[in-house]
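Colleague: the following block contains a protein sequence and its predicted model.
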Amino acid sequence: MKTKLFTLIFGAILFASCQQKEMKISRSDFSVVTEMTDFSPAYIIKNEEGKVEIKKNSLIGNTHWVLSVDRDLTLNEVAPFLQELTAKKHKKGGMHEDTKDIYMVYSDTVHKQNACVKMPFKSFALGEQPVYELGEGVQSLLLKSVADAKNTFDKTQTYLVRIDKNISVETFVNILIELEKQNVSENVNSEVYVN
């Protein structure tokens, strides 16, 4: 009787675990941040109905928010969630200013470890960038691929960034990693346009 009960319970656990969908996070060959304390997680996934959704019940104010996002989603699919999260994280005028950042988790396949990269943008604007004359020391930068982020950057300039909405989340994460490698994350405008 015990053997049958054990087999039944083991079979139910095995069946349930096979039904769960595994999240595929972005991949890279470089680690930006490998250790972090004082963080809370959120997940952006495509559910069984094919709709993109966010699981953010664990987000705690004034902690770093670490986002695990399915790498096959497009930036267009996740940008509304990034817009919502950055607005909440970096809102002005609250009782207590949130001094922590938003990170995206990915897998460093060379060093076989998970790592995180900070999102340098404090807000996401969905749609076309307004047309206006750029001031001295400001350049417009359109990013459609990782190669676009490997440009030679002038560290005295501020970059107003536009990102192609059709790129994958994995490409977006690798663009953020490349901006860190080039040491220009601090030179990008806090608002990014996704179109």
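Modeller: Right, received. Where do you want to start? Residues are numbered from 1 along each chain as shown.

Colleague: list the buried residues in the helix or strand harbouring Asn114.
Modeller: If you go by DSSP states H and E, Asn114 is part of strand 113-118. Neighbour-count burial for strand 113-118, counted by 16 or more other Cβ atoms under 10 Å, picks out 115-118. For glycine as for every other residue, the C-beta is placed from the backbone atoms N, C-alpha and C.

Colleague: same thing with stretch 45-60?
Modeller: 45, 52, 54, 56, 59.

Colleague: wait, what's in contact with the fourth one?
Modeller: The neighbours of Lys56, taking Cβ atoms under 8 Å, 6 or more residues apart in numbering as the test, are 42-43, 85.

Colleague: quick one: it and Tyr43, what's the gap?
Modeller: Separation of Lys56 from Tyr43 (Cβ to Cβ, to the nearest Å): 8 Å.

Colleague: now do the third one
Modeller: Using Cβ to Cβ, Ile54 is found at 7 Å from Tyr43.

Colleague: quick check: what element follows the lowest-mean-pLDDT helix or strand in the chain along the chain?
Modeller: Counting by mean pLDDT, DSSP states H and E, the weakest-scoring helix or strand in the chain turns out to be helix 2-19, with a mean of 36. Where DSSP H and E defines the elements, the next helix or strand beyond helix 2-19 is strand 26-28.

Colleague: need the per-residue pLDDT for the most centrally placed residue in the chain.
Modeller: Nearest to the geometric centre of the chain sits Met104, at 3.8 Å (Cα atoms, centre = their mean). What the model reports as pLDDT for Met104 is 96.

Colleague: for the one 4 residues further on, same thing?
Modeller: You'll see Asp108 listed with a pLDDT of 93.

Colleague: who does it form a beta bridge with?
Modeller: Beta-bridge partners for Asp108, by DSSP bridges, are Ser28, Gln113.

Colleague: my guess is it meets Ser31, correct?
Modeller: Yes - between Asp108 and Ser31 there is a contact under Cβ atoms under 8 Å: 4.4 Å.

Colleague: overlap in contacts of the two?
Modeller: Common neighbours of Asp108 and Ser31 (Cβ under 8 Å, 6+ apart) are Ala115.

Colleague: for Ser185, phi and psi?
Modeller: phi -60, psi -40 (degrees, to the nearest 10).

Colleague: no, scratch that, I was asking about Trp65
Modeller: In this entry, Trp65 is assigned phi and psi values of phi -100, psi 120 (degrees, to the nearest 10).

Colleague: could you check how far it is from Lys92?
Modeller: According to Cβ to Cβ, Trp65 and Lys92 sit 18 Å apart.
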